[in-house]
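Colleague: Turn this into a model:
(chains A and B)
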Amino acid sequence: MDTIKVEICTGTTCYVMGAGDILELNDHIDEHMAQNIEIVGSNCMDLCKDGQYGKAPFVKVNNTLVSEATVLKVVEEIHRQMT
Amino acid sequence: MLTDNSFIEVDYHRHSKNGQSVAGDVFVSHRVSGTDRTICVLADGLGSGIKANVLATLTATMAMKYVSSDIDLFRASEIIMKTLPICKVRNIGYSTFSIFDIKHDGMVDVVEFDNPPFVLIRDHKKIEVDKQSFKVTPGNLGPRDVWHSRFRVKRGDRAIILSDGITQSGIGTPTMPLGWTDDAAAVYTIDLCKRRQDISARSLARQITARALQNDGYRARDDMTCAVIYVRKPRRTMIITGPPIDKKKDCELANLIETFDGRRIICGGTTANIVARELDKTLNVDLSMMAGDIPPISRMSGVDLVTEGILTLTRCVDILENSPNPDVLDPNAAVQIVRILLDSDIIEFVVGTKINDAHQDPNLPVELDIRKNLLKKFVGLLNRKYLKQASMTYI
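Modeller: The predicted structure follows:
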């Protein structure tokens, strides 16, 4: 299976809306999942400006955008892509 | 600013006598607005603790006022000594002082009273400065010698001002029966400057104080203060933050940072994206240095530091305002900016004025300050409290 890329926006809006917690994703997942994902930061995805992509914080799991992301929502999306 | 484009860096470090929460040494420095002068005063009040602090603060503040308003220095010295409250125990009112009045063409006037003599270091040597003494008769102390000297500084010169807590550190110990002494402290300082040629005033003051503290077995017998005045080539830093109001200026902004001669900092995700796009560079967020509640830094070649914008800048202002020692803080993005700024002399902010709509959402859990207002405060702090030469332009 290919590694799943989890890209977390760390721009101001995303950060204050909870991206800081999602950066600690590795603390919340099991070893199997941890081995199959790669966590990278983005300094700003430019998605928060006009609301058409939903609300911050934004996380991309491969090419799927998760808006109003939480650790739970991100884990669910990773899980969906792994199975 | 000296005429040959040198910069005068002033900084100091202080350590209170063991067990005292307040120091009896006071150092103040001030760049007189509207004139090209920097004035610094080190005063050491009689005794230690609060009483000494009051005496020293009075002395330093009065000296600063008198010198700023060009009152005759001899007369000023006398007034200061006569004004100080009399100590009940010792029946004298007393505080030492060293006053440095530095004109930015390089001319320096120094008035010293009972502090260890200042040391002028040029080309790794101690320079002897001619001093004239004059008698001042304050209150019940009898006539006292006050020393005046006038000289011209050059680029590379350092002047070191020490309180007696430093020169007398280690006194009575087998290796230093008479304490560290003025001469040994000067030798140590010169040696340190030889090994670290570009050592900043801030680091040098810190090192000398640390050494004195070591002499005293880490229990300071007296308040210790070391102030350093360093005349040097200015270190420049540019911070760009915020996207330009007009998209057509994106290219101009990117060019400004690319061609800047000095250290470069970008604060803001969008701003960093603009620069990366215009200069065709890649941006990588560095997740290895996650520290506290400040977003992580990113890497871009040719730029010293890339951070998030308003949260990080707000924290910088907080650190500068409440001045905890940034050397001991977790090195998050804000602390890294502060460290670079404290080691810079000339700081240019280039501020994009475009409003970030996403920040106007009342549902955001924190108040995001308006960039322009925050940066005005930032620049003011750097200039007033840290004697930097900071300026701001809008784009």
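Colleague: Tell me how far the residue nearest the centre of chain A lies from B:V146.
Modeller: Centroid-nearest residue in chain A, with Cα atoms, centre = their mean: A:V59, separated by 3.1 Å. Here A:V59 is placed at a distance of 69 Å from B:V146 (Cβ to Cβ, to the nearest Å). Just so you know, the C-beta spots here come from the backbone N, C-alpha and C atoms, and that holds for glycine as well.
Colleague: got a list of what the residue nearest to B:A254 when sequence neighbours are not counted touches?
Modeller: Of all residues not flanking B:A254 in the chain, B:E278 sits nearest, at 3.5 Å (Cβ to Cβ, 6 or more residues apart in numbering or on different chains). Going by Cβ atoms under 8 Å, 6 or more residues apart in numbering or on different chains, B:E278 touches B:250-251, B:253-255.
Colleague: Can you show me the strands along chain A?
Modeller: Ranges of strands within chain A are A:4-9, A:37-42, A:59-61, A:64-66, based on DSSP state E.
Colleague: What mean pLDDT does the last one get?
Modeller: It refers to strand A:64-66. Average pLDDT, strand A:64-66: 96.
Colleague: And stretch B:362-378, by the same measure?
Modeller: On average, stretch B:362-378 scores 82.
Colleague: First residue to last residue on that stretch, what's the distance there?
Modeller: End-to-end span of stretch B:362-378 (Cα to Cα, to the nearest Å): 25 Å.
Colleague: now stretch B:75-94
Modeller: OK, stretch B:75-94 end separation, Cα to Cα: 16 Å.
Colleague: Stretch B:230-237 too?
Modeller: Stretch B:230-237: ends 18 Å apart by Cα to Cα.
Colleague: Counting residues, which helix of chain A comes out longest?
Modeller: Secondary structure assigned by DSSP state H gives helix A:71-82 as the longest helix of chain A.
Colleague: and if you look at chain B?
Modeller: Max-length helix for chain B by DSSP H is helix B:49-68.
Colleague: what comes up buried for the very next helix or strand once past that one?
Modeller: Counting by DSSP states H and E, the next helix or strand C-terminal to helix B:49-68 is helix B:73-83. Under the neighbour-count criterion of 16 or more other Cβ atoms under 10 Å in any protein chain shown, helix B:73-83 has B:73, B:76-81 buried.
Colleague: Report the mean per-residue pLDDT for helix B:73-83.
Modeller: 82.
Colleague: How about stretch B:295-304?
Modeller: pLDDT averaged over stretch B:295-304 gives 95.
Colleague: now do stretch B:31-51
Modeller: 87.
Colleague: how long is it end to end?
Modeller: OK, stretch B:31-51 end separation, Cα to Cα: 28 Å.
Colleague: Which of the residues in it are classified as buried?
Modeller: B:31, B:37-49, B:51.
Colleague: how far does the longest helix of chain B sit from the chain's center?
Modeller: Distance of helix B:49-68 from its chain centroid, counting by Cα atoms, centre = their mean, to the nearest Å, is 19 Å.
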